[in-house]
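Chemist: Sequence and predicted structure below; questions after.
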Amino acid sequence: MASVCRVKVVGLTGGIGAGKSTVSEALRERGAVVIDADAVTKELQQPGRPVFEAMVDRWGDRIVAADGTLDRQAVADIVFNDPAELAELNAMVHPAVGVEIARRLEEAKGTDQVVVLDIPLLVEGGRHATGGVLVVDCPVETAVDRLVRHRGMDEADARARISRQATREERLARADFVIDNGGPPEALDAQIDAAWAWIEALPEAEAA
């Protein structure tokens, strides 16, 4: 017998530099429960966790910082330009992250919460069922400028990272609602309000 599961699950994605984290935090402030895939990954990569141990077994102490935590830059230096190494990393990390996200979604079943799955690679991965996909979009040149000015990235590095993600066109093709974050910050609030109204109007999910 089916029971009503009132939780609403929305996927949130956007390219690096698009401002997805800003939108995610704004949705949290409006009452959403945000499951942040990047944050889950960092939790699973804490010392003593199986993912951390698997990574150290593979790459050794060169990926361990002086304080015993994961040296993320060292990992990036190893895998960023090596598809084989990146595939090994993904095989260690992605299944564990998927299991943890599924566990958190299970906890939300039967509630009237809005759950936002904040997943940078939602389009590339395509694994999570959602009631709708919200895409934060901006021109590539705007994203590059933000990464250089606000994150201190080298321009070539910023462009390389963008090139390894889904294209704007691919993300927009998957979008059910788009927030255009190519303009000034003050233009964002009204769009987030509109996105929240869209989310609240989504039909409630049903689960067995």
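Modeler: Structure received. Numbers count the residues shown, from 1 in each chain.
Chemist: Disregarding residues adjacent in the polypeptide, which is nearest to Thr111?
Modeler: Distance criterion Cβ to Cβ, 6 or more residues apart in numbering; nearest residue to Thr111, sequence neighbours excluded, is Val7 at 5.3 Å. Placement of C-beta: from N, CA and C, glycine included.
Chemist: Same question for Ala160.
Modeler: The shortest distance from Ala160 to any non-neighbouring residue, by Cβ to Cβ, 6+ apart, is to Phe80 (7.8 Å).
Chemist: Looks like the one you found contacts Leu86 (just checking).
Modeler: Yes. In this structure Phe80 lies within contact range of Leu86 using Cβ atoms under 8 Å: 7.3 Å.
Chemist: can I see the domain layout of the chain?
Modeler: What the record gives for the chain is the domain set 1-32+113-208, 39-109, from automatic domain parsing.
Chemist: can I get these in a markdown table with mean pLDDT and mean neighbour count?
Modeler: Converted to a markdown table, the domains of the chain look like this (pLDDT from 0 to 100; neighbours: other Cβ atoms under 10 Å):
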| stretch | mean pLDDT | mean neighbour count |
| --- | --- | --- |
| domain 1-32+113-208 | 88 | 17 |
| domain 39-109 | 94 | 14 |
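Chemist: Run through the strands of the chain in chain order.
Modeler: Taking DSSP state E as the criterion, the chain carries its strands at 3-4, 8-14, 33-36, 114-118, 132-137, 177-180, 206-207.
Chemist: and those strands as a markdown table, adding distance to Lys42?
Modeler: Below are those laid out as a markdown table (distance: least, Cβ to Cβ, whole Å):
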| stretch | distance to Lys42 |
| --- | --- |
| strand 3-4 | 34 |
| strand 8-14 | 18 |
| strand 33-36 | 9 |
| strand 114-118 | 13 |
| strand 132-137 | 21 |
| strand 177-180 | 25 |
| strand 206-207 | 29 |
